[in-house]
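Q: mind looking at a prediction? Sequence and model below.
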Amino acid sequence: MNESLLEILCCPLDKDDLELEDAEYDDDEIISGSLVCTGCGESYPIEDGIPNLLPPDMREQSPA
Amino acid sequence: MGKDLAERRGLETDVYQPAEDSQLLADAACDRLETEDLVLEVGTGSGYVADRIATEVGARVVAADVNPYATRNARDRGLEAVQADLVSPFRADTFDAVAFNPPYLPTDPDHEWDDWMERALSGGEDGRAVIDPFLETVSRVLAPGGVVLLLVSSLTGVDAVVERAGEEGFSAVAVADESFPFETLTVLELVR
């Protein structure tokens, strides 16, 4: 993901801003890291360049 | 669309592939959107609609889906992809347009499969199990003057969707439609 995406993303639960942590870059693109809510502290993973901003209870219930 | 879910099931199991409904939505979006628009596609699936908007209109498009295989497809097309439940992780007052080809087929609860293709097609018993929560939440992320482009099928009931949108403060105009043997597809433009 591009860093500019942070400007349009928020925590899916409380809509607070997200802070980028432990970012690894490939050129300008963030390949992995975490997006941490500045309000509730929930952490959302970035994997293979794609942020997973599903609410925590939906991360677990994906079909096989 | 318009086929029985069971027929479609053999074709593809992880990501909904572009069909007539995708093309109709992409055509309508490309006609109406402008280069400077910031666009969100909810339920991007293969990324086809988002890709056409990005390529033909030149707008910045964010491609969102609940399905990780779909977001991977979208990213492989060079799109900005986000794994998301509808519009929940997007900031308020952000998008000039939100496009959505939702799961809309009315489905008998006894005949649903718990896999990604079922999630992409089934709209629950009334066909609106995903459309209704979308209509309840999409307003928050629209920029002033922002529009929603929503694909609806006669199988789901266009009037029922228009009425539901009205309850959420939207007025709806049909901007494209196309008839098939088993259904008519309509693209609704919703404005506040």
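A: Thanks, I have the structure now. Just so you know, these numbers come straight off a predicted model, no measurement behind them. Residues are numbered from 1 along each chain as shown, chains lettered A, B, ... in the order given.
Q: strands along chain A, start to end?
A: Listed in chain order, the strands of chain A (DSSP state E) span A:18-26, A:29-37, A:43-47, A:50-51.
Q: is there proximity between stretch A:20-33 and chain B?
A: No. Judged by Cβ under 8 Å from any Cβ of the partner chain, stretch A:20-33 makes no contact with chain B; its nearest approach is 10.0 Å. Glycine gets a C-beta too; all of them are placed from N, C-alpha and C.
Q: if we look at the longest helix belonging to chain B, which residues are touching it?
A: Ranked by residue count and defined by DSSP state H, the top helix of chain B is helix B:20-32. Applying Cβ atoms under 8 Å, 6 or more residues apart in numbering or on different chains, the contact partners of helix B:20-32 are B:1, B:39, B:45-46, B:48-49, B:52-53, B:56-57, B:97, B:99, B:101, B:147, B:149, B:151, B:153, B:175-178, B:180, B:185, B:187, B:189.
Q: now restrict the residues you listed to buried residues only.
A: Neighbour counting over the contacts of helix B:20-32 (16 or more other Cβ atoms under 10 Å in any protein chain shown) leaves B:1, B:39, B:45-46, B:48-49, B:52-53, B:57, B:97, B:99, B:101, B:147, B:149, B:151, B:153, B:175-176, B:185, B:187, B:189 as the buried ones.
Q: how much space separates the residue of chain B positioned farthest from its centre from chain A?
A: Among residues of chain B, the one most distant from the C-alpha centroid is residue B:110; the distance is 24.9 Å, by Cα atoms, centre = their mean. The gap separating residue B:110 from chain A is 17 Å, by Cβ to the nearest Cβ, to the nearest Å.
Q: shouldn't that residue be within a strand?
A: No. Using DSSP: H, G, I helix; E, B strand; the rest coil, the assignment for residue B:110 is helix, not a strand.
Q: near chain A too, which of the contacts of helix B:20-32?
A: Okay, of the contacts of helix B:20-32, nothing touches chain A (Cβ under 8 Å from any Cβ).
Q: which ones among the residues you listed map onto strands?
A: Short answer: those in strands (DSSP E) are B:39, B:97, B:99, B:147, B:149, B:151, B:153, B:175-178, B:185, B:187, B:189.
Q: between those, which sits nearest chain A?
A: Using Cβ to the nearest Cβ, residue B:39 is the member of the ones in strands among the contacts of helix B:20-32 that sits closest to chain A, with 11.1 Å.
Q: wait, the closest one sits on residue B:63?
A: No. Here residue B:39 lies out of contact with residue B:63, judged by Cβ atoms under 8 Å, at a distance of 9.4 Å.
Q: quick one on the thing from earlier: export the strands of chain A as TSV, with columns for distance to residue B:124, mean neighbour count and mean pLDDT.
A: Shown next, in TSV, are the strands of chain A (distance: least, Cβ to Cβ, whole Å; neighbours: other Cβ atoms under 10 Å in any protein chain shown; pLDDT from 0 to 100):
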stretch	distance to residue B:124	mean neighbour count	mean pLDDT
strand A:18-26	31	13	96
strand A:29-37	30	17	97
strand A:43-47	27	18	97
strand A:50-51	27	24	98
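Q: tell me the residues on chain B that lie near chain A, please.
A: So chain B meets chain A at B:38, B:62, B:66, B:68, B:71-72, B:75, B:80-85, B:88-92, B:94-95, B:114-116, B:118-119 (Cβ under 8 Å from any Cβ).
Q: which regions of chain B sit below the pLDDT cut-off?
A: Residue ranges of chain B with pLDDT under 70: B:1-13, B:111-113.
Q: would you map the helices across it?
A: So, for chain B - with DSSP H - the helices run B:5-9, B:20-32, B:48-52, B:68-76, B:116-121, B:131-137, B:158-167.
Q: with just CA atoms, put the last one into CSV.
A: Listed in CSV are the C-alpha atoms of helix B:158-167, where the atom choice follows Å, rounded to 0.1, in the frame of the first residue of the first chain:
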residue,chain,number,x,y,z
VAL,B,158,-35.3,-2.5,-7.4
ASP,B,159,-38.3,-0.7,-5.8
ALA,B,160,-37.4,-2.2,-2.4
VAL,B,161,-33.8,-1.0,-2.7
VAL,B,162,-34.9,2.5,-3.8
GLU,B,163,-37.3,2.7,-0.8
ARG,B,164,-34.6,1.5,1.6
ALA,B,165,-32.1,4.1,0.2
GLY,B,166,-34.8,6.7,0.7
GLU,B,167,-35.0,5.9,4.4
